[in-house]
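> Following is a predicted model, sequence given first.
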Amino acid sequence: MRIAVIGTGYVGLVAGTCFADAGNHVVCVDSNPSKIEGLKNGIIPIFEPGLEALVQHNFEAGRLVFSTRIEDATEQAEVIFLAVGTPSLPSGSPDLSYLKAAVEGLARNLKKYTIIVNKSTVPIGSHEVVAQWMSQCTQVPFDVVSNPEFLKEGSAVDDFLKPDRVIIGTVKKSVYEKMLELYSPFVRQGNPILWMDPISAEMTKYACNSFLATRISFMNELSVLCERVGADIEMVRHGMSGDERIGKHFLYAGAGYGGSCFPKDVRALISTGLQNQVELGIIRAAEIANERQKELLPQKVKAYFGGNLQGKTFILWGLAFKPNTDDMREAPSLVVVQKLLEAGAQVRVFDPVATKNARAILKDQVVYLDDAYKGCVGADALMIVTEWNEFKNPDFDQIINALKEPVIFDGRNLFSPQLMKDKGFKYFSIGRS
């Protein structure tokens, strides 16, 4: 099948590459010439495990093409995916200006009947908005489908190649059957392709992310109570996850959630509720709890040092909002760093892949390191903010000999408190008194 994808961010590049890997001919279009030129030369603009090799393989095979020309998308494609960014506005509503520009450019160059697929996370009802934008710019027939993505950064390639479900939002059986043909190679193990109306498909995306964000915030709030009453949030988590009604995923307490999806989608759903006179109190509470949780680690540091961080030096391990990505969008580390700087501390930072993106945000306010242990030398404490695998079994002897004080503030509960005590550390984690 001939496919086009508008936008080469996390969703667009992963989707286009994986469709090409299934044997389709895919044109990925982006308005950024330097990004497209880089992709043609094997430079991947995002860090995503497994993606670089897959892009190179399909590009060399001729199944994956990169272009800045919208005409290259419209000339032959049977299905065109919209995968442009929809960042939050100050009101919490998604900014649809990039989507509108892409749709209008697409419509003006449409040559024949085409299925237009909303892959971007869009407000509920956006399939109708996209159809209106298209109709204003073309007389060529088309259909708009809602096909939300459920990719996790850090495992996006596997998530696309082996989805636990695919959702197709359309009222037309012929359109559904075309999408079914496209996605069938990815669900050969029997995972479902769900056919529903477009509004329900759009709602499902927001519902999933908001529910998962709520689970995280629930555990984070519970962790604060655990510390006060003397319970261990890790023991509580084990006890909860054994209940099959609850399950084991997204029950880890920590320094808060971030990234490109949860914060934006939670705000968008709250905004949609307000627009329809529905107060989404539980989801709003999850957002408030998350913002509060991001400040918890700096509060622990201030409490330990008697409220005075002036002249203190801290080394942060981990900047990306989660491991296996270089994404710094709404990362908890940004709040941690800002609070430390505001208190007069000096901050050193290390992350395996996110340093470049972090530097674009933090500028020269912090010291960037290319070695995790160098930053420990003479520092007053080590702080762990992202749970990269390489941090889970470090050289504790090297750390304790380098630090000015044997103090670790762990925002991801990587270590056993008893182990830390046995090794001579003063160890502060989340939800474990």
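Now that the structure is in, tell me what you want to look at. Model, not experiment: these values are computed from the prediction.

> is it fair to say Pro148 lies in a strand?
No: secondary structure of Pro148 (DSSP: H, G, I helix; E, B strand; the rest coil): coil, not part of a strand.

> Please report the number of neighbouring residues for it.
Neighbourhood size, Pro148 [other CB atoms under 10 Å]: 22. For every residue, glycine as well, the C-beta is placed using N, CA and C.

> Now do it, the pLDDT please.
Confidence at Pro148, expressed as pLDDT, is 94.

> Buried residues, the longest helix along the chain. List them.
Longest helix in the chain by number of residues (criterion: DSSP state H): helix 198-229. Buried residues in helix 198-229, counted by 16 or more other CB atoms under 10 Å: 198, 201-206, 209-210, 212-224, 226-227.

> try stretch 339-359
339-341, 343, 345-355, 357-359.

> Stretch 145-160: how far from the chain's middle?
Centroid separation for stretch 145-160 versus its chain: 10 Å, with CA atoms, centre = their mean, to the nearest Å.

> hmm, I was thinking of stretch 420-430
With CA atoms, centre = their mean, you get 31 Å for stretch 420-430.

> average model confidence for it?
The model assigns stretch 420-430 a mean pLDDT of 97.

> Now it: buried residues?
Buried, per 16+ other CB under 10 Å, within stretch 420-430: 420, 425, 427-430.

> Export the residues you listed as CSV, with columns for secondary structure and distance to Val166.
Below are the buried residues of stretch 420-430 laid out as CSV (DSSP: H, G, I helix; E, B strand; the rest coil; distance: CB to CB, whole Å):
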residue, secondary structure, distance to Val166
Met420, helix, 44
Phe425, coil, 47
Tyr427, strand, 44
Phe428, strand, 43
Ser429, coil, 38
Ile430, coil, 35
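
> Of those, just say which sits nearest to Ile233.
Using CB to CB, Ile430 is the member of those that lies nearest Ile233, at 6.7 Å.

> Spit out the contact partners of that closest one.
Listed by CB atoms under 8 Å, 6 or more residues apart in numbering, the contact set of Ile430 reads 220, 223, 233, 253-255, 296-297, 410-413.

> on that earlier part again, closest one to Val129 out of the buried residues of stretch 420-430, please.
Ile430 (41.3 Å).

> so where does the nearest residue to Asp351 once chain neighbours are set aside fall, helix or strand?
Among residues not flanking Asp351 along the chain, Leu319 sits closest, at 3.9 Å (CB to CB, 6 or more residues apart in numbering). If you go by DSSP states H and E, Leu319 is not part of any helix or strand.

> List the contacts of Leu319.
Contacts of Leu319 by CB under 8 Å, 6+ apart are 328, 331, 333, 349-351, 354-355, 358, 385-386.

> Name the helix or strand for Glu234, please.
Using DSSP H and E, Glu234 falls in helix 233-241.

> now Ala102: how far from Arg237?
42 Å (CB to CB, to the nearest Å).

> Those two: who's more crowded?
Ala102 (25 against 21).

> any idea whether that one is helix, strand or coil?
helix.

> how about the strands of the stretch 151-300 of the chain, start to end?
166-169, 193-196 (DSSP state E, counting those that start in this stretch).

> so which of the ones you listed gets nearest Thr313?
Per CB to CB, nearest to Thr313 of these: strand 166-169, 49.0 Å.

> doesn't Thr86 make contact with Leu96?
Yes: in this structure Leu96 lies within contact range of Thr86 using CB atoms under 8 Å: 6.3 Å.

> list residues touching both of those two?
Val122.
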